[in-house]
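1. have a look at this prediction, sequence included:
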Amino acid sequence: MDLRDIQSIRAVIARGKRWDVIFSLLGLLALMTGVLTFVALFADMTIQGAPRLSLDFFTNFPSRRAGEAGILSAWVGTTLVMLTTAMAAVPLGVAAGVYLEEYAPKNWVTDVIEINVTNLAGVPSIVYGLLALGLFVYQFGLGQSILSAGLTLALLILPIVIVATRESIRAIPQVIREGAYALGATPWQTVRDHILPYSSAGILTGVIIGMARAIGETAPIITIGALTFIAFLPPAPYQETLPFFNFDWLMAPFTVMPIQMFNWTSRPEAAFQANAAAAGFVLVLMTLAMNGLAIFLRYRLRRNIKW
Amino acid sequence: MIPATTSARLKKRRTRHLRERVIEGVLFLAASISVFTTVAIVYILVKESVVFFQQVPLKDFLFDTQWTPLFDDAHFGIVVLLSGTVVSSVVALCVAIPLGTIIAIYLSEFAPFALRELAKPFLELLGGVPTIIYGYFALIFVTPLLQKIYPDLPGFNLLSAGLVMGIMIIPYVSSLSEDAMRAVPMSLREGSYAMGATRLQTALKVVMPAATSGIASAYILGISRAVGETMILAVAAGMQPNLTWNPLEPAATVTTYIVQVALGDLPHGSIGYQTIFVAGLSLMLMTLMLNIVGHILRKKYREAY
């Protein structure tokens, strides 16, 4: 092999390495686009919304005067809707996940259920709004209430909860089940005393991610016809007389954070844009906190579990 | 005494057995909610659409070039709404597919371990930001920025909504594609390196073809997210029906039309009320078609190792 050959081979290698470096830079750049967008979004909202972020903003009702408007009815509405969603989605989703992993026989019925869960995860959220409008609001006569909205969002996040439940149940080794059966436990005792406790952290992660998704959903709630201007609170869930709590709030009209923000965004006056930015800032912090908690939980989980 | 205890034990076992069956039944009911949901969606959409198509011939619905369902001179040309959906989705995919794919290749084949561990949760956060926030960002931040480059751009336009939508979809595309690439066995890469290929050559000519089926699913998911996205467009693209293929114009999409009608006060059972279910049905048919295409692609390109 003479010198010229070696040099040309070296040139080929150098060219290949150059392209590797160029692509690495391109990859970093692409990643940075995402990061920078997020930073710009967050910074812009913080700067625009900062003047409005005071205690009054959280304790005032929306108002026609931008400077006095607040998010009291919005955050109370969001809290109550999320509560309803969790009450419906968590038991249903966990039960469905347990059934599919621990009980379901291998037959066409199970296949149909599994295909449905996968497909529902891909249905656009606004279609859930239409379902709720036709079914909950008019067919069942629940009206434009917290209950309608909570159930709608519960259906929306059900696939997320089911998939998370299944995945964390699947991670439990078979020997745990066999040990329980060997001691004479029934399937339900095995699930109750072993499967559910061991998978609870994973399920919790999935539930938090689902709730973070639900808290920001706007389209389905607009579709059921939730009002955008609510200057009152739903009836309080507690009372002086027995039994000290009531569920009147379930049927109350309401607004939620993203709808309040949408309402302010679609107004032409600049003062309302500042309100929108402040509401958006609070909303992003909420979802970031929830997602961050889920990521942290998953990280801890991966590190701690050694079967 | 032995027979008595045996019968007591048998009795206990019977109630226990019964309880197990009941619990299994309850769990099965919970699991079948998903089937009921699908059936209910199809039932509600089709029920209202049937009433609609009794009043509007299918030919007008498909070929009319105006969408004015609430005017006296009502026209029901779905093409008008579809044009907005198609244009905004194409803009979004022009951002999301190249960037998402590059990020996936970079994270799966090039990035050091620490960076990947940092980038994945971050991308997840990016995908978890509520879309109304992205809509606000498109309207307040991106549109004025674009107006500096192109001063004639109207305040509402499909371009800025589409661009931001693209950024929103990146995590969906990149995370699924990366999973698919990471699932490609190491031996394929080692074989490629042994033949003297560089990292980039290996990534593009060995890993990507082997992961085609997963990457195709990622793209399909990205497309269906774009088609179904609502709030970014409702905030930043205006909600006026407009038959256009130009991203610089404002336009309504299938989804934002539903929002616009829902914001008003439409009487239950009117033709305007039915149009939003027809729009919803069109949307469902589009996502169904995408799912079928995805299924075919996955089957065609599936590689077994």
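-> The structure has been received and is ready for your questions.
2. just give me the longest helix of chain B.
-> helix B:2-55 (DSSP state H).
3. now do residue 79, the pLDDT please.
-> Because you didn't say which chain, this covers chain A. Predicted confidence (pLDDT) for A:Thr79: 90.
4. ah, I was thinking of chain B
-> Reading off the model, B:Val79 has pLDDT 89.
5. hmm, it is touching B:Pro241, no?
-> No: the criterion here is Cβ atoms under 8 Å, and B:Val79 misses it with B:Pro241 at 10.3 Å. Backbone N, C-alpha and C define where each C-beta goes, glycine included.
6. ok, these two, which is more surrounded?
-> B:Pro241 (21 against 15; other Cβ atoms under 10 Å in any protein chain shown).
7. pLDDT below threshold where in the stretch 201-305 of chain B?
-> B:304-305 (pLDDT under 70).
8. could you redo the last one with a cut-off of 50?
-> Within the stretch 201-305 of chain B, no stretch has pLDDT under 50.
9. show me what from it comes close to chain A.
-> For the stretch 201-305 of chain B, the contact set with chain A under Cβ under 8 Å from any Cβ of the partner chain comprises B:201, B:203, B:221, B:224, B:227-231, B:234-235, B:255, B:258-259, B:262-263, B:268, B:276-277, B:280, B:283-284, B:287, B:291.
10. in helices, which of these appear?
-> Secondary structure from DSSP H places B:201, B:221, B:224, B:227-228, B:231, B:234-235, B:255, B:258-259, B:262-263, B:276-277, B:280, B:283-284, B:287, B:291 of those in helices.
11. tell me, how many residues neighbour the closest residue to chain B within the stretch 201-307 of chain A?
-> In the stretch 201-307 of chain A, the residue that lies nearest chain B is A:Gly216 (2.4 Å; Cβ to the nearest Cβ). Counted with other Cβ under 10 Å, the neighbours of A:Gly216 add up to 24.
12. list the residues that contact it.
-> A:Pro258, A:Leu283, A:Thr287, B:Gly128, B:Val129, B:Pro130, B:Thr131, B:Ile132, B:Ile133 (Cβ atoms under 8 Å, 6 or more residues apart in numbering or on different chains).
13. any idea how far it lies from A:Arg298?
-> From A:Gly216 across to A:Arg298, the span is 20 Å (Cβ to Cβ, to the nearest Å).
14. now swap in B:Ile103 and tell me
-> 21 Å.
15. now swap in A:Asp248 and tell me
-> Taking Cβ to Cβ as the measure, A:Asp248 falls 38 Å from A:Arg298.
16. again, but for A:Arg177
-> Per Cβ to Cβ, A:Arg177 is found 24 Å from A:Arg298.
17. the more surrounded of these two?
-> A:Arg298 (20 against 17).
18. would you agree that one falls within a strand?
-> No: A:Arg298 is assigned helix when assessed by DSSP: H, G, I helix; E, B strand; the rest coil, not a strand.
19. and the nearest residue to it once chain neighbours are set aside, which helix or strand is it part of?
-> With sequence-adjacent residues excluded and distances taken as Cβ to Cβ, 6 or more residues apart in numbering or on different chains, A:Arg298 is closest to A:Thr205, at 5.2 Å. A:Thr205 is part of helix A:196-216 when elements are defined by DSSP states H and E.
20. could you export that helix as PDB, CA atoms only?
-> Presented in PDB, the C-alpha positions along helix A:196-216 are these (Å, rounded to 0.1, in the frame of the first residue of the first chain):
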ATOM      1  CA  LEU A 196     -51.900  -3.300  44.200                       C
ATOM      2  CA  PRO A 197     -49.500  -2.300  47.000                       C
ATOM      3  CA  TYR A 198     -46.500  -3.100  44.900                       C
ATOM      4  CA  SER A 199     -47.700  -1.300  41.800                       C
ATOM      5  CA  SER A 200     -49.200   1.700  43.600                       C
ATOM      6  CA  ALA A 201     -46.200   4.000  43.000                       C
ATOM      7  CA  GLY A 202     -46.300   3.300  39.300                       C
ATOM      8  CA  ILE A 203     -50.100   3.800  39.200                       C
ATOM      9  CA  LEU A 204     -49.700   7.100  41.100                       C
ATOM     10  CA  THR A 205     -47.200   8.300  38.500                       C
ATOM     11  CA  GLY A 206     -49.700   7.500  35.700                       C
ATOM     12  CA  VAL A 207     -52.500   9.200  37.500                       C
ATOM     13  CA  ILE A 208     -50.500  12.300  38.000                       C
ATOM     14  CA  ILE A 209     -49.500  12.500  34.400                       C
ATOM     15  CA  GLY A 210     -53.200  11.900  33.400                       C
ATOM     16  CA  MET A 211     -54.300  14.700  35.800                       C
ATOM     17  CA  ALA A 212     -51.700  17.100  34.400                       C
ATOM     18  CA  ARG A 213     -53.100  16.400  31.000                       C
ATOM     19  CA  ALA A 214     -56.700  16.900  32.200                       C
ATOM     20  CA  ILE A 215     -56.000  20.200  34.000                       C
ATOM     21  CA  GLY A 216     -54.900  21.900  30.800                       C
END
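21. the closest residue to B:Val46 other than its chain neighbours: how many residues sit nearby?
-> Leaving aside its sequence neighbours, B:Val46 sits nearest to B:Leu281 (Cβ to Cβ, 6+ apart; 6.9 Å). By the criterion of other Cβ under 10 Å, B:Leu281 has 21 neighbours.
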